[in-house]
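Colleague: Sequence and predicted model, in that order:
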Amino acid sequence: MNKNRFWVWAASIISVALLIAITGLAFAGQLILAIRILAAASILAGLSRVLWRGDDAWFAAKQWWIDALFFLLVGIGLLLLSPYALVAVGS
């Protein structure tokens, strides 16, 4: 998948757009929604690593299952902890 320039550019544009949206939502006071979008992006990254198991995939670990497990656990953890975001900031 990474060999095709279109998919590399599409993934890069989507990643930047997600980061801008998450930051904008957080500054606008929609902290829980921003965290849930970040969690969904993390889960999507984990699922994509399960689907594309090649060594040439652009992730941190050489073993695909380490990447997939990490992204899935981070995403699930964010989803589970997102309701407590407003408690943490004192709202």
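Modeller: Everything's here; your move. None of the values given here were measured: they were computed from a predicted structure.
Colleague: Could you pull out the buried residues of the helix of greatest length in the chain?
Modeller: When the chain is parsed with DSSP state H, its longest helix is helix 5-27. Neighbour counts over helix 5-27 (16 or more other C-beta atoms under 10 Å) mark Ile22, Leu25, Ala26 as buried. C-beta coordinates here come from the backbone N, C-alpha and C atoms, glycine included.
Colleague: for those, which one is nearest Leu51?
Modeller: Ile22 (23.5 Å; C-beta to C-beta).
Colleague: isn't that closest one right next to Arg36, touching?
Modeller: No. With contact defined as C-beta atoms under 8 Å, Ile22 does not reach Arg36; the gap is 9.7 Å.
Colleague: mind saving the C-alpha coords of stretch 27-34 as PDB?
Modeller: The C-alpha trace of stretch 27-34 is given here as PDB (Å, rounded to 0.1, in the frame of the first residue of the first chain):
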ATOM      1  CA  PHE A  27     -10.000  24.500  21.800                       C
ATOM      2  CA  ALA A  28     -13.700  25.000  21.100                       C
ATOM      3  CA  GLY A  29     -14.600  23.200  24.400                       C
ATOM      4  CA  GLN A  30     -15.600  19.900  22.800                       C
ATOM      5  CA  LEU A  31     -13.000  17.900  24.600                       C
ATOM      6  CA  ILE A  32     -14.800  14.500  24.800                       C
ATOM      7  CA  LEU A  33     -15.600  14.600  21.100                       C
ATOM      8  CA  ALA A  34     -12.000  15.400  20.300                       C
END
